[in-house]
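Asker: would you be able to build a 3D model of this:
(2 chains)
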Amino acid sequence: MTIIDPTDAVPAPRSGDDQKTGPLLEVRDLHVEFQTREGVVRAVNGVNYSVNSGETLAVLGESGSGKSVTAQAIMGILDMPPARIPQGEIRFYGQDMLTMSADERRKLRGARIAMIFQDALSALNPVLSVGFQLGEMFRVHQGLSRKEAKAKAIELMDRVKIPAAAARVNDYPHQFSGGMRQRIMIAMALALEPDLIIADEPTTALDVTVQAQVMDLLAELQREYRMGLILITHDLGVVADVADKIAVMYAGRIVETAPVHELYKRPAHPYTRGLLDSIPRLDQKGQDLYAIKGLPPNLLKVPSGCAFNPRCEKAQDICRTELPPLVPVTERDGAELPGRASACHFWKETIHG
Amino acid sequence: MGRYVLRRLLQMIPVFVGATLLIFLMVNVMGDPIAGLCGERQCDPATAAQLRRDFGLDQPVWQQYLTYMGNVFTGDFGTAFNGQPVTELMATAFPVTIRLTVVAILFEIVIGITLGVLTGLRRGRPVDTTVLILTLVVISVPTFVTGLLLQLLLGVEWGWIKPSVSPAADFGELIVPGLVLASVSLAYVTRLTRTTLAENRRSDYVRTAIAKGLPRRRVVGRHLLRNSLIPVVTFIGADIGALMGGAIVTERIFNIHGVGYQLYQGILRQNTQTVVGFVTVLVLVFLVANLLVDLLYAVLDPRIRYA
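Answerer: Just a heads-up that it's a prediction; the model follows:
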């Protein structure tokens, strides 16, 4: 990571009429369910998290844990129906976005909250030039002319370090390499300098060397614009470098939150411990790699009590009957650990034992 | 791109020769062309021989074909047995059929695509189901039934249109025949548009477009339709040739003196020159329309590049 020069010009927090103190984004008790032929799938069951300006929150979890659905609910791009948000609040600068009109939300999308998708090849329109797709942001949200928009698009492509931007602005997505395409996705999200960016597994489709470049770029731009960033991933390696805090999700709930380094040092939930133990390590060469037994639960039939209990080595009777709430985690002597919480009946044993 | 066009044009030559030769042979084995010339009576052998010589029918078939093709390339499609040059018949017939085709294509584009978009965006709703059933009915009922039914109802019973089109055949008169001609393709265009739209609606780039905060109109118009209409445009393009040659039934019902009518008359009267001439031109129309569609495809979808 590059060292931040304190004299670096940090852009002043953006002023706006709707700007209030408090976190940039706050998700409160969010529930999302999908009506399907087989029944109601409860994909998100009471998620709480918040992000401040300039902060990076990593949301970690397996496929089907509800991390992407939460992000799509924040963006307001869930297909409703079949999706439904029966309860919860998503506050952006203190204002609940779920009660806004469709048009108000549309104006926030892209301009104030932007999203980076996983697979840039399918997420970019194959029949429109990248210049058009980038410029569209300016034309729609700021009413710029076609020509001005194209100039801005070239600027953006330069910004995300695409070589020969002016020459490539009229190229189509399939003419770029995977890393360059992802840069274009990032450029598109950055176009209007949003307050919050949600990156949904931005590097999963890339090879490892390009992954590092793209993450560095994202981190650099985030610092420069002091944006809030929600990084959705299942890659613990990526998280350690860029995140400030982590929320671990399982079966539509947050099971643990913690500042990034504390989580790695002392996980307070058996699931998190399992995830950390399954990272390949050089000093365990030749041994079997640890894996969490079993599969993520079927969201149509989430196990009673703690959803993780069938896979948990420490599960007791209480875990099968009682749903553990997300409670603050403290030191052995009761000293507070700010930002830490765990949804395990036996968090004490897990963190201190 | 230039090389591709050249290659395609060269490929047209064998297709063209093969198609015309087949037509030529088929018409020749159909029967004795002279027999039809003397009306009901048997021709007097001397007259028949004279006519045969005059028309070059005493020469071997391959020679007839070569002579014919040589003439075609100098713009001479021969003379029909009533003495009228075939080119003259074409000059009156093709404009009529082209007008009819234009009307039909417009119906396909306007109604077909509109219905397709409407149903594609409202899949599973009552509008969708209703239109889907209607298209099924249109596809399964033969053209002559829809044609005759419309003619009977609109033309005879209610008197909204003239049941028979005048020789001038202007656009106004061709609206109902155009609709009849377009009906089946129109139903296909509707279904094709509906399917591709519904499929692309769930695609990632549409989700991106929504996430960019674009208004719904722009998401649908710029991003969704632009992609979904590629197969529809190709279908309509390929349909131009089919409509021009396939209007025989419609032109018969509404008494339109276009290509289909002339072909019908030509076949009925064993009029080799007319049939082969018209079919030759239709083969050309098909080939050119197909080439244009393939080129259009590359324009619409930048991922396709012809080298």
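Asker: report how many residues lie close to the residue in the stretch 151-300 of chain B positioned nearest to chain A.
Answerer: Among all residues of the stretch 151-300 of chain B, B:Gly213 sits closest to chain A, at 3.3 Å; criterion: Cβ to the nearest Cβ. (C-beta placed from N, C-alpha, C; glycine too.) B:Gly213 is flanked by 26 other residues according to other Cβ atoms under 10 Å in any protein chain shown.
Asker: please apply the same query to the one 10 residues further on.
Answerer: B:His223 is surrounded by 25 other residues when neighbours are defined as other Cβ under 10 Å.
Asker: re the thing from before, the residue of the stretch 151-300 of chain B closest to chain A against A:Arg106, yeah?
Answerer: Yes: taking contacts as Cβ atoms under 8 Å, B:Gly213 lies within contact range of A:Arg106: 5.1 Å.
Asker: give me every residue in the stretch 201-307 of chain B lying close to chain A.
Answerer: Contact residues (Cβ under 8 Å from any Cβ of the partner chain) of the stretch 201-307 of chain B with chain A: B:202-205, B:207-215, B:218, B:222-223, B:226-227, B:230, B:300-303.
Asker: if you set the cut-off to 6 Å instead, what comes out?
Answerer: B:204-205, B:207-208, B:210-214, B:223, B:226-227, B:301-303 (Cβ under 6 Å from any Cβ of the partner chain).
Asker: got the phi/psi numbers for A:Asn48?
Answerer: A:Asn48 has phi and psi values of phi -130, psi 130 when expressed as degrees, to the nearest 10.
Asker: count of neighbours near it?
Answerer: If you count neighbours by other Cβ under 10 Å, A:Asn48 ends up with 17.
Asker: and the gap between it and chain B?
Answerer: Counting by Cβ to the nearest Cβ, to the nearest Å, the gap from A:Asn48 to chain B is 23 Å.
Asker: picking up where we left off before, taking the residues of the stretch 201-307 of chain B next to chain A one by one, which sit in helices?
Answerer: B:204-205, B:207-208, B:210-211, B:226-227 (DSSP state H).
Asker: return the member of those nearest to B:Thr97.
Answerer: B:Arg226 (32.0 Å; Cβ to Cβ).
Asker: using CSV, write out every CA atom in the helix or strand bottoming out on mean pLDDT in chain B.
Answerer: Using mean pLDDT, DSSP states H and E, helix B:45-55 stands out as the lowest-scoring helix or strand of chain B, at a mean of 78. What follows is helix B:45-55, C-alpha atoms only, in CSV (Å, rounded to 0.1, in the frame of the first residue of the first chain):
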residue,chain,number,x,y,z
PRO,B,45,-48.1,-30.1,-87.1
ALA,B,46,-46.7,-27.6,-89.7
THR,B,47,-47.6,-24.6,-87.5
ALA,B,48,-46.2,-26.3,-84.5
ALA,B,49,-42.9,-27.0,-86.2
GLN,B,50,-42.9,-23.4,-87.4
LEU,B,51,-43.5,-22.1,-83.9
ARG,B,52,-40.9,-24.4,-82.5
ARG,B,53,-38.3,-23.0,-84.9
ASP,B,54,-39.3,-19.5,-84.2
PHE,B,55,-38.9,-19.9,-80.5
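Asker: immediately after it, which helix or strand?
Answerer: helix B:61-73 (DSSP states H and E).
Asker: which parts of that following helix are buried?
Answerer: B:64-65, B:68-69, B:72 (16 or more other Cβ atoms under 10 Å in any protein chain shown).
Asker: with stretch A:315-328 instead?
Answerer: Result for stretch A:315-328 [16+ other Cβ under 10 Å]: buried residues A:315, A:319, A:324, A:326.
Asker: I'd like the average pLDDT over that stretch.
Answerer: Taken as a whole, stretch A:315-328 has an average pLDDT of 84.
Asker: what does it rub up against?
Answerer: A:305-306, A:309, A:341, A:343-345 (Cβ atoms under 6 Å, 6 or more residues apart in numbering or on different chains).
Asker: can you get me the start-to-end distance on it?
Answerer: End-to-end span of stretch A:315-328 (Cα to Cα, to the nearest Å): 20 Å.
Asker: likewise for stretch A:285-302?
Answerer: OK, stretch A:285-302 end separation, Cα to Cα: 36 Å.
Asker: check stretch A:320-335 too.
Answerer: For stretch A:320-335, the end-to-end distance is 30 Å (Cα to Cα).
Asker: related to what we said a few turns ago, among the residues of the stretch 201-307 of chain B next to chain A, name the buried ones.
Answerer: Buried among those (16+ other Cβ under 10 Å): B:204-205, B:207-208, B:210-214, B:223, B:226-227, B:301-302.
Asker: any chance of TSV for those, columns pLDDT?
Answerer: TSV is the format used below for these (pLDDT from 0 to 100):
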residue	pLDDT
B:Asp204	89
B:Tyr205	91
B:Arg207	89
B:Thr208	91
B:Ile210	90
B:Ala211	89
B:Lys212	90
B:Gly213	86
B:Leu214	88
B:His223	89
B:Arg226	86
B:Asn227	88
B:Asp301	83
B:Pro302	82
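Asker: for the stretch 51-200 of chain A, just list every one of the helices.
Answerer: Ranges of helices in the stretch 51-200 of chain A, per DSSP state H, counting those that start in this stretch, are A:67-75, A:102-108, A:120-123, A:130-142, A:146-159, A:165-168, A:178-190.
Asker: counting neighbours, what do you get for residue 196?
Answerer: By default, I'm working from chain A. Neighbours of A:Leu196 (other Cβ under 10 Å): 23.
Asker: was after chain B, sorry
Answerer: 20.
Asker: same deal with B:Thr250?
Answerer: 29.
Asker: so which helix or strand takes in it?
Answerer: Assigned by DSSP H and E, B:Thr250 falls in helix B:248-253.
Asker: can you pull the buried residues of that helix?
Answerer: Quick answer for helix B:248-253 (16+ other Cβ under 10 Å): B:248-251, B:253.
Asker: closest to B:Val131 out of the buried ones among the residues of the stretch 201-307 of chain B next to chain A?
Answerer: B:Asn227 (21.5 Å).
Asker: and A:Met1, what's its pLDDT?
Answerer: Value listed for A:Met1 in the pLDDT field: 43.
Asker: so the closest residue in space to B:Val259 that isn't next to it in sequence is in which element?
Answerer: Distance criterion Cβ to Cβ, 6 or more residues apart in numbering or on different chains; nearest residue to B:Val259, sequence neighbours excluded, is B:Thr97 at 4.2 Å. Element membership for B:Thr97, per DSSP H and E: helix B:86-107.
Asker: identify the residues contacting the spatially most central residue of chain B.
Answerer: With distances taken as Cα atoms, centre = their mean, B:Leu243 lies nearest the centre of chain B, 2.0 Å away. Residues near B:Leu243 by Cβ under 6 Å, 6+ apart: B:101, B:104.
Asker: need the pLDDT of it.
Answerer: For B:Leu243, the predicted pLDDT is 84.
Asker: which helix in chain A has the most residues?
Answerer: Longest helix in chain A, counting by DSSP H: helix A:208-225.
Asker: which residues touch it?
Answerer: Contacts for helix A:208-225 (Cβ under 6 Å, 6+ apart): A:179, A:182, A:193, A:203, A:229, A:238, A:242.
Asker: please apply the same query to stretch A:54-63.
Answerer: By Cβ under 6 Å, 6+ apart, stretch A:54-63 touches A:51, A:67, A:226, A:228-232, A:239, A:242-249, A:296.
Asker: having no further points to raise, I will conclude here.
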